[in-house]
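Participant: Let me see the structure of the following:
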Amino acid sequence: MKTLAVKSEQFLTDAKGKRTGVVLDLQTYEHLRAAEEELADIQAYDVLHDRAHSEVAAGQCATLTSYRASRSRKAK
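Facilitator: Numbers count the residues shown, from 1 in each chain. Next up is the predicted model:
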């Protein structure tokens, strides 16, 4: 993953000077969104990884050949 260098930070503040938001350039925003999607994919993989391995070890899976055979029997 590429690192991102923010050129300048622009904050939105309320009447008391408290930061309430930030203004991002479009490139930075798009980079952050892509990183967010990538992180979600990694987290989903991590959640399912152990479960998938335990199902394979327990024999609770089908080979591609057996899956195709069952699909062709159902189609007839």
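Participant: could you pull out the strands for the chain?
Facilitator: Taking DSSP state E, the strands of the chain run over residues 10-13, 19-23.
Participant: Which helix runs longest in this structure?
Facilitator: helix 26-57 (DSSP state H).
Participant: what pLDDT, on average, does that helix get?
Facilitator: Per-region confidence: helix 26-57 scores 93 on mean pLDDT.
Participant: quick check: angle from it to strand 19-23?
Facilitator: With axes from the mean of the first three to the mean of the last three Cα atoms, to 10 degrees applied, the angle from helix 26-57 to strand 19-23 works out at 90 degrees.
Participant: Find out how far helix 26-57 is from the centre of the chain, if you would.
Facilitator: 3 Å (Cα atoms, centre = their mean, to the nearest Å).
Participant: Could you do stretch 50-67 as well?
Facilitator: That offset, for stretch 50-67, works out to 24 Å (Cα atoms, centre = their mean).
Participant: ok, and for that stretch, which residues are buried?
Facilitator: Within stretch 50-67, no residue counts as buried by 16 or more other Cβ atoms under 10 Å. Just so you know, the C-beta spots here come from the backbone N, C-alpha and C atoms, and that holds for glycine as well.
Participant: Contacts for that stretch next, please.
Facilitator: For stretch 50-67, the surrounding residues in contact (Cβ atoms under 8 Å, 6 or more residues apart in numbering) are residue 70.
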